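Peer 1: Pasted the sequence and its predicted model underneath.
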Amino acid sequence: MGWKAAEKLIRHWKVLRGDNVMIIRGKDKGETGTIKRVIRSQNRVIVEGRNLVKKHIKQGQGHEGGIFSVEAPIHASNVQVLDPVTRKPCKVGVKYLEDGTKVRVSRGIGASGSIIPRPEILKIRTTPRPTVPGPKDTPMDLVLEKTYDAKTGRGMPEL
């Protein structure tokens, strides 16, 4: 990717994997679906069951050939998140609650201003965090060892 293309990449994404969106431009205009995949390097998203194209696949070892319908990527500017209350497309804004948590809210004309919940699919980790320390992890007794005392200056290197 050249530097011109890198300049045009979306920095702050408003749509996430698992969001309910409406396609606002293209051959599937007005249809809704769930975002299956986000391709950030191309500013594109794949909506489940929408923007289907025919793909000719040659027969090979272990798989059949033929003509298949696959979902093609859509540019992120051609989809809008659905308001959870009105079920209409809306703009997405960011708001901080009193406890400091960052949430997405619906904005724009006809929007309810309600909180857009984080998709359930993002709450599930694909690989669980390890519970037992591995060979490269630092032992807890070395982590908790006090190596510097601010009052006495013990542990400070001699300059």
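Peer 2: Nice, thanks for sending it over. None of the values given here were measured: they were computed from a predicted structure.
Peer 1: Average pLDDT for stretch 43-58, rounded please.
Peer 2: Confidence over stretch 43-58, taken as the mean pLDDT, stands at 94.
Peer 1: Which stretches in the chain count as strands?
Peer 2: Taking DSSP state E as the criterion, the chain carries its strands at 20-23, 32-39, 44-47, 52-57, 66-71, 74-75, 79-82, 89-96, 102-107, 115-116.
Peer 1: quick one: the fourth one to strand 66-71, angle?
Peer 2: Yep, that's strand 52-57 we're talking about. Direction vectors for strand 52-57 and strand 66-71, defined by axes from the mean of the first three to the mean of the last three Cα atoms, to 10 degrees, enclose an angle of 140 degrees.
Peer 1: re earlier: could the strands of the chain be laid out in a markdown table, adding mean neighbour count and distance to His12?
Peer 2: C-betas here are computed from N, CA, C, even on glycine. Below are those laid out as a markdown table (neighbours: other Cβ atoms under 10 Å; distance: least, Cβ to Cβ, whole Å):
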| stretch | mean neighbour count | distance to His12 |
| --- | --- | --- |
| strand 20-23 | 21 | 17 |
| strand 32-39 | 17 | 13 |
| strand 44-47 | 22 | 15 |
| strand 52-57 | 10 | 29 |
| strand 66-71 | 11 | 25 |
| strand 74-75 | 18 | 16 |
| strand 79-82 | 22 | 14 |
| strand 89-96 | 16 | 9 |
| strand 102-107 | 16 | 11 |
| strand 115-116 | 18 | 15 |
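Peer 1: Can you redo the ones you listed as JSON lines, where the extra columns are distance to Leu144?
Peer 2: Below are the strands of the chain laid out as JSON lines (distance: least, Cβ to Cβ, whole Å):
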{"stretch": "strand 20-23", "distance to Leu144": "46"}
{"stretch": "strand 32-39", "distance to Leu144": "40"}
{"stretch": "strand 44-47", "distance to Leu144": "45"}
{"stretch": "strand 52-57", "distance to Leu144": "57"}
{"stretch": "strand 66-71", "distance to Leu144": "51"}
{"stretch": "strand 74-75", "distance to Leu144": "51"}
{"stretch": "strand 79-82", "distance to Leu144": "45"}
{"stretch": "strand 89-96", "distance to Leu144": "34"}
{"stretch": "strand 102-107", "distance to Leu144": "32"}
{"stretch": "strand 115-116", "distance to Leu144": "40"}
